[in-house]
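Participant: Provided below for reference: sequence and predicted model.
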Amino acid sequence: LPLWNQLLYEFNAAGVVSQVRVLYSEMVFCGVVPNVFSVNILVHSLCKMGDLDLALGYLRNNDIDTVTYNTVIWGFCGQGLTNQAFGLLSEMLKKGICFDSITCNILVKGYCRLGLIKYAEWVMHNLVDGGIPKDIIGLNTLIDGFCEAGLMSHALSLMENGERGGLMPDIVTYNTLLNAFCKMGNLVRAESLINEILGFQRDKESGLFENYVVQNQAEIKDLRPTLATYTTLIMAYCKQLGIEEALSLYEKMIMNGIMPDVVTCSSILCGLCRHGKLTEAALLLREMYKMGLDPNHVSYSTIINSLFKSGRVVEAFNLQGQMVVRGISFD
RNA sequence: GACCUUUUCGAGUACGC
């Protein structure tokens, strides 16, 4: 059975949703009785392709758990049907299936996406009343929601309140705020956030944390810049300080042992294009293949669009052809 | 005993002002 489940999982992860259904029926046909895990994978793949009615059908099974419901709630939220998703909570309780922090986080995200931050906040507040522990992921989701709405002061106070309540901000919290400041063009605030992160790191390395009142040291040690941190900053540098600064930050990143991915390179690619350095951009594209970071449709469309805009039509079509040859689909 | 599922941050494109 674990083997069947692994196979189901692989198909689902690869995005071959139809195969998940086929395999599932084959299991039954072979006399293998699917367990909760099998059902959960199937339901997940159904939700992923938007087949909510079919997914709902599986909720009538007896052998389902919190994860099954979370998956379906996730599916509804993904379609913008957060209210219906919310409605499933009472159904869960009737069946004696508890919901958890993850359920609530999914709903918080769902409401944020609709711009209904008040509702998202309400869900968060009622976590405590319901005796469900808040976690940093939910808090980050809400903070991101406030950032998206341009309510930075609320976002920042959420972080402070969380900290006071024992929810230590993690690197994602900082990345979220960093991204918001960068998008607003506020490099000053962005860099002060970076200094805060690096400050934590320095203090930790020099053992200064013993002077702090820290409940759980493990939560603080993750405050190291990640690839997303660097990519966000590199993007902002491209826009406001110029390509040179961005590239030197890129070098610094690699020296710190963090390797770029497709998104990082595409960001630089975009920066080069914006500054009219299309030849360099084309070079970077080739470089990406050498680094084993296969450019995707975003990388290509970035450069193809700028080539068109500057009248270099032939090169643009060449790249478009290359895209097709490499089997990269358009969005 | 071993297997499995769900949630948070980063890239291009918007002939509108």
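Facilitator: Structure's in. What do you need?
Participant: now for the longest helix along chain A, which elements pack on it?
Facilitator: Assignment by DSSP state H gives helix A:187-205 as the longest helix of chain A. Based on contacts counted as 3 or more Cβ pairs under 8 Å, 6 or more residues apart in numbering; DSSP states H and E, the elements that helix A:187-205 packs against are helix A:171-184, helix A:227-240. Where you see a C-beta, it was placed from the backbone N, CA and C, and this is true even at glycine.
Participant: skipping adjacent residues, who's closest to A:L272 in space?
Facilitator: What sits nearest to A:L272 in space, not counting adjacent residues and going by Cβ to Cβ, 6 or more residues apart in numbering, is A:A281, at 4.2 Å.
Participant: over to A:L227?
Facilitator: On the basis of Cβ to Cβ, 6+ apart, the spatially nearest residue to A:L227 that is not a chain neighbour turns out to be A:I258, at 5.5 Å.
Participant: if we can go back for a sec, mind putting the helices and strands packed on helix A:187-205 into JSON lines with mean neighbour count and mean pLDDT?
Facilitator: Formatted as JSON lines, the entries for the helices and strands packed on helix A:187-205 read as follows, by neighbours: other Cβ atoms under 10 Å; pLDDT from 0 to 100:
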{"stretch": "helix A:171-184", "mean neighbour count": "21", "mean pLDDT": "94"}
{"stretch": "helix A:227-240", "mean neighbour count": "21", "mean pLDDT": "94"}
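Participant: can I get the ones you listed in JSON lines with distance to A:V33?
Facilitator: As requested, the helices and strands packed on helix A:187-205 are exported to JSON lines (distance: least, Cβ to Cβ, whole Å):
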{"stretch": "helix A:171-184", "distance to A:V33": "40"}
{"stretch": "helix A:227-240", "distance to A:V33": "42"}
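Participant: on that earlier part again, and the residue nearest to A:L227, how many residues sit next to it?
Facilitator: Counted with other Cβ atoms under 10 Å, residues neighbouring A:I258 total 17.
Participant: may I have the secondary structure class of it?
Facilitator: Here A:I258 is recorded as coil under DSSP: H, G, I helix; E, B strand; the rest coil.
Participant: which SSE is A:M92 in?
Facilitator: helix A:82-95 (DSSP states H and E).
Participant: so for that helix, what gets flagged as buried?
Facilitator: Residues A:82, A:85-86, A:88-89, A:92 are the ones in helix A:82-95 that count as buried (16 or more other Cβ atoms under 10 Å).
Participant: so where's the stretch 151-300 of chain A shaky on pLDDT?
Facilitator: Residue ranges of the stretch 151-300 of chain A with pLDDT under 70: A:201-222.
Participant: which residues does the closest residue to A:L8 other than its chain neighbours contact?
Facilitator: For A:L8, ignoring the flanking residues on the chain, the nearest one in space by Cβ to Cβ, 6+ apart is A:I41 at 4.5 Å. When the contact criterion is Cβ atoms under 8 Å, 6 or more residues apart in numbering, the partners of A:I41 are A:5, A:8-9, A:12, A:20.
Participant: same list (these) but as a markdown table, adding secondary structure, neighbour count and pLDDT.
Facilitator: Putting those into a markdown table (DSSP: H, G, I helix; E, B strand; the rest coil; neighbours: other Cβ atoms under 10 Å; pLDDT from 0 to 100) gives the following:
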| residue | secondary structure | neighbour count | pLDDT |
| --- | --- | --- | --- |
| A:N5 | helix | 17 | 92 |
| A:L8 | helix | 25 | 92 |
| A:Y9 | helix | 17 | 91 |
| A:N12 | helix | 20 | 89 |
| A:V20 | helix | 26 | 91 |
